[in-house]
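*Asks:* Have a look at this fold, sequence not included:
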């Protein structure tokens, strides 16, 4: 692995010089060719010097603070309306680092990058590692919008299951993408042994591990949730999570942390993508996280979702026991049903919408077509319990009618 | 030009089917190869159906509305905390369409895409059109963070000046990027004839015109500001602007509009990048735009900046008349100085920071090295008038000391 990083986030004058001169060096031997063409934005780098109070800055294009409007937020630090740091607000990054330490993933606050939602992390990591024919290892099935981004940049795929990660050693993927805790769409939660085996597989084949962990705090039954990245010994890794599930998705706030060698490049890619994340959301999220009620809030949310999950499971047993099989998920937001009949669930969706019910067809969650069987992903968190009952009955009747002769 | 778009944003059931089946067709013959691999996220497309009140949705991963926190915003529509549409909030999109009509750029609200700041528009357009060796026409000099993104995706460059756009006909660029109104870094504002000629050049060579217009409302002297895109007759085009300069950059909100053929692909790229833009910012920006005080606010801002510009020009005459040449910009945020001496302004920056002054070296704004002469970009909007005077004096003394023998 090539670790001769040309930059050091702790050495601003070095960064400034490389920024002004447009230098860029590879940080990991598996990066996409485009990363050799990536330069930091001199504006962003110079601004980090220029924001020192002793500097008179003609450098950026910063509007005058006094020109900012009143946005009706009493608690707001007025500075939140100005351009901010690409990395994110320092206090929020420190909160995240402290929180991850409690989860056995110790990282420095300086290696936290605030994202415009964790979908953005997938975009940045794909830009960094994926080009035409890059092999990406993914769970089968996996989060469809990750497949969307990897495919855009040209990925080829190798699939794995939590119980068979040792086989990853043969395929030499550049990147291994996983959602070990309440997986999307299956809801599966890796055991401790499976987490260790996945980390070992990446250590052994040199693949960069990319762990996506948005659902970890929506936990209803006791289970292992320690990040797989915490078991990594020598390969590079990226871990990301989101405030969309426990606070509010409309605030569009997530973050990534990573092994130190990867950080400067991911930060430059964030600069190029949108300069920095919304500062208003960062302030709001930080104040909510720091509230003495935050832990109570998590309890209330998980209690409510646990009750919804249990009720949904009861409804499924009532309507689907002869039509499908599933496992009750220990956390997250989804049930993953395997239909007994062989149906194209995309066609089923068209029919279901005609009757007023929507779900996610299983096909989109598979990297390779023809692997999908007949699956449905059903969200249980959004619809009310009453409407869930009505909707599941409609869906079951439809599947029953359409599956005649298709077993 | 290939306009056989497979989707139609006005035909949701068609979009839904193509989304579920993962179909994608080219929309413009100049798109990057990766666009053939781009698929819409079925979640996002199905959600647009599932959000109908008559549909019971198990489709998305939407948190329960009741789980959302109080973020301390009295005026806030609680819905702003939920996942939203990739395209943006309908009322904000309509406001933008109405505003652009007044600027002689009539577009349908359905072709407005809300961005996480206009830097994101550059990322999306580059993903759509730029791959290794794609020729991009840029002004020389131009906005450095646009060069950063185009280069990341592999662009080669051909340069033009406002007065010589007819020559673009020979070079056949795929994309023509321009900032015709208060250009960054030069501050130049294209004449009416130059705007027409640039549009004609793109019409004639088939290049996609990408107009970046963040500074248009920071106008201090009367000048032509009609979008170049309004003069396009047949080629595809993208126009973008931002709320960072007139409202607040920390809200990270901009938008693009485009010829209809390009819209679905840009929207899919936005989905893949970050699902959608911050809804809180969209609500805040809309309420500020709809305020009866908004026009007064623009007047106050431009008056303040005009005074700062004039004062800065006076300071420059005092300290730089023997060291550099410049034009007083009719709008925007920058002065662009050409030094009489031949200096590497990146080295000058290191020395200036040592004395407490920051500026942007000119070199970063040029696509090709060796074209840059000795230029400085000086922002006049941020530093106070007093500090500007001190800083310019320091900078002038430094240049004088360093330029001995370098004329």
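*Replies:* Perfect, I can see it now. Model, not experiment: these values are computed from the prediction.

*Asks:* Could you look up the SS state of residue A:287?
*Replies:* Classification of residue A:287 using DSSP: H, G, I helix; E, B strand; the rest coil returns helix.

*Asks:* Report how many residues lie close to it.
*Replies:* Residue A:287: 16 surrounding residues under other CB atoms under 10 Å in any protein chain shown. For the C-beta atoms, the positions are set from N, CA and C on the backbone; glycine is no exception.

*Asks:* contacting residues around residue A:247?
*Replies:* Taking CB atoms under 8 Å, 6 or more residues apart in numbering or on different chains as the criterion, residue A:247 is in contact with A:253, A:285, A:288, B:68-69.

*Asks:* and with 6 Å instead?
*Replies:* Going by CB atoms under 6 Å, 6 or more residues apart in numbering or on different chains, residue A:247 touches A:285, A:288.

*Asks:* helices and strands around the helix or strand hosting residue A:352, which ones?
*Replies:* When elements are assigned from DSSP states H and E, residue A:352 belongs to helix A:345-354. Using 3 or more CB pairs under 6 Å, 6 or more residues apart in numbering or on different chains; DSSP states H and E, the elements in contact with helix A:345-354 are strand A:360-361, helix A:385-402.

*Asks:* same thing but at 8 Å, please
*Replies:* If you count contacts as 3 or more CB pairs under 8 Å, 6 or more residues apart in numbering or on different chains; DSSP states H and E, helix A:345-354 packs onto strand A:360-361, strand A:375-379, helix A:385-402, helix B:12-21.

*Asks:* and the first one, is it in reach of chain B?
*Replies:* Yes - taking CB under 8 Å from any CB of the partner chain as the criterion, strand A:360-361 and chain B are in contact, through A:360-361.

*Asks:* out of the helices and strands packed on helix A:345-354, deepest packed?
*Replies:* strand A:360-361 (a mean of 28; mean count of other CB atoms under 10 Å in any protein chain shown).

*Asks:* picking up where we left off before, can you redo the helices and strands packed on helix A:345-354 as TSV with mean pLDDT?
*Replies:* Shown next, in TSV, are the helices and strands packed on helix A:345-354 (pLDDT from 0 to 100):
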stretch	mean pLDDT
strand A:360-361	92
strand A:375-379	95
helix A:385-402	94
helix B:12-21	41
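
*Asks:* Tell me how far residue A:155 lies from chain B.
*Replies:* The spacing between residue A:155 and chain B, counted by CB to the nearest CB, to the nearest Å, is 9 Å.

*Asks:* Not counting residues beside it along the chain, what's closest to that residue?
*Replies:* Of all residues not flanking residue A:155 in the chain, residue A:136 sits nearest, at 4.4 Å (CB to CB, 6 or more residues apart in numbering or on different chains).

*Asks:* Over to residue A:189. Which of the three states is it?
*Replies:* Secondary structure state of residue A:189, per three-state DSSP, is coil.

*Asks:* give the contact list for the nearest residue to residue A:243 once chain neighbours are set aside.
*Replies:* Distances taken as CB to CB, 6+ apart place residue A:253 nearest to residue A:243, at 4.7 Å, with adjacent residues excluded. With contact set as CB under 8 Å, 6+ apart, residue A:253 has these partners: A:114-117, A:242-244, A:247, A:277-278, A:281-282, A:285.

*Asks:* at 6 Å instead, please
*Replies:* Residue A:253 makes contacts with A:243, A:281, A:285, as judged by CB under 6 Å, 6+ apart.

*Asks:* try residue A:186
*Replies:* By CB under 6 Å, 6+ apart, the contact list for residue A:186 reads residue A:336.
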